[in-house]
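Student: Got a sequence here, can you build the structure:
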Amino acid sequence: MSGAVLLHAAGVGKRFGGFIALEAVDITLRPGERLGLIGPNGSGKSTFVNCISGDFAQHEGKVTLGGHALEGLKPHRRARLGLARTFQLPQPFASLSVLENVRVPLLFGADPAQATRRAMECLEQVEMAGKAEKLPRELTQVEQRRLELARAIALDPRLLIADEAMAGLSHAEIDQILALLLRLNAAGTAVIMIEHIMRAVTEFAERLVVFVAGRKIADGVPREVLAMQEVEDAYLGRQ
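Tutor: Model prediction:
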């Protein structure tokens, strides 16, 4: 695994009109790695994720997943290659039950009975099997986050991007989601965590990347990255 590369983003750039949202971003991720991605609001974190997942098309650079070029592939094609993500705001199908929400990505070309079994397995993984028949509006905030994770892992991804999966949660609820992500990672899924809650990032990440104004300014061991003066000035502020 030492020489293996799962995700390789090289020179990724994105513009919105005359505004440069990303500039020559390089990131490499190994199989099973835990990466934290932090930066101020507007630093380009979500734009980068949207380029990786296929919601945006980058203007420059190349991205590969497991050696497969992602350029031109729609999000569902990237999902079939092993890329999954959650969203800052959970987006379940309101009229479908929790179980049916998780079945949706599994039904394409699959046996319905197998899809149901796999959906229940995912709900068990996120400790939501007892809520299978509930509607999303009946769930608490942390349960909606769990549902979002269950939907994301339904296709057994090699890489999960968790985009602010803990926003608005209590201290105890953050610990619950952290434990779920660590279990998924221990089972072999690489995770990129985008988060503003520094306690969560530092507890989870083996490696930390910092974005500021569309550029990557740091990449390394969390303790060392957070001690960098440039990171303190741009993100954490001077003490």
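Student: Would you mark the buried spots in stretch 192-208?
Tutor: Using 16 or more other CB atoms under 10 Å as the burial criterion, the residues of stretch 192-208 that qualify are 192-195, 197, 200-202, 204-205, 207-208. Using the backbone N, CA and C atoms, a C-beta is placed for each residue, glycine as well.
Student: Could you find the closest non-adjacent residue to residue 196?
Tutor: Closest residue in space to residue 196, ignoring its immediate chain neighbours: residue 164 at 6.9 Å, by CB to CB, 6 or more residues apart in numbering.
Student: Identify the farthest-apart pair in the buried residues of stretch 192-208.
Tutor: The most widely separated members of the buried residues of stretch 192-208, counting by CB to CB, are 197 and 207 (17.4 Å).
Student: and the spatially most central residue of the chain, helix, strand or coil?
Tutor: Relative to the mean C-alpha position of the chain, the nearest C-alpha, by CA atoms, centre = their mean, is the one of residue 161, at 1.3 Å. Here residue 161 is recorded as strand under DSSP: H, G, I helix; E, B strand; the rest coil.
Student: Over to residue 96?
Tutor: In the three-state summary, residue 96 is assigned as coil, counting by three-state DSSP.
Student: Then residue 218?
Tutor: Going by three-state DSSP: residue 218 is strand.
Student: can you give me the offset of stretch 23-37 from its chain's centre?
Tutor: Using CA atoms, centre = their mean, to the nearest Å, the distance from the centre of stretch 23-37 to the centre of the chain it belongs to is 11 Å.
Student: Touching, the residue nearest to the centre of the chain and residue 49? I think so.
Tutor: Yes - Residue 161 is within contact range of residue 49, at 5.5 Å (criterion: CB atoms under 8 Å).
Student: which residues are in contact with both of those two?
Tutor: When CB atoms under 8 Å, 6 or more residues apart in numbering defines a contact, the residues bordering residue 161 and residue 49 alike are 85, 192, 194.
Student: contacting residues for the first one?
Tutor: To tie it back to what came earlier, the one meant is residue 85. Residue 85 is in contact with 49, 53, 152, 160-163, counting by CB under 8 Å, 6+ apart.
Student: Got the confidence number for it?
Tutor: pLDDT for residue 85: 93.
Student: so what's it bridging to?
Tutor: Note on residue 85: beta-bridge partners residue 161, judged by DSSP bridges.
Student: got it, and the second one?
Tutor: The residues paired with residue 192 through beta bridges, assigned by DSSP bridges, are residue 35, residue 161.
Student: So it is in contact with residue 158, correct?
Tutor: No - at 11.8 Å, residue 192 and residue 158 do not qualify as touching, with contact defined as CB under 8 Å.
Student: circling back to that earlier point, just name the closest of the shared contacts of residue 161 and residue 49 to residue 12, please.
Tutor: After measuring the shared contacts of residue 161 and residue 49 against residue 12 - CB to CB - the closest member comes out as residue 192, at 13.8 Å.
Student: so how many other residues sit close to residue 44?
Tutor: The number of residues packed near residue 44 is 24, by other CB atoms under 10 Å.
Student: Residue 21 is in contact with that one, correct?
Tutor: Yes - using CB under 8 Å, residue 44 makes contact with residue 21 at a distance of 5.4 Å.
Student: Give me the contact list for the longest helix seen in the chain.
Tutor: In the chain, assigned by DSSP state H, the helix with the most residues is helix 171-186. With CB under 8 Å, 6+ apart as the contact definition, helix 171-186 has outside contacts at 32, 34, 125-127, 141-142, 145-146, 149, 153, 160, 162, 165-166, 169, 191, 193, 197, 199-200, 203-204.
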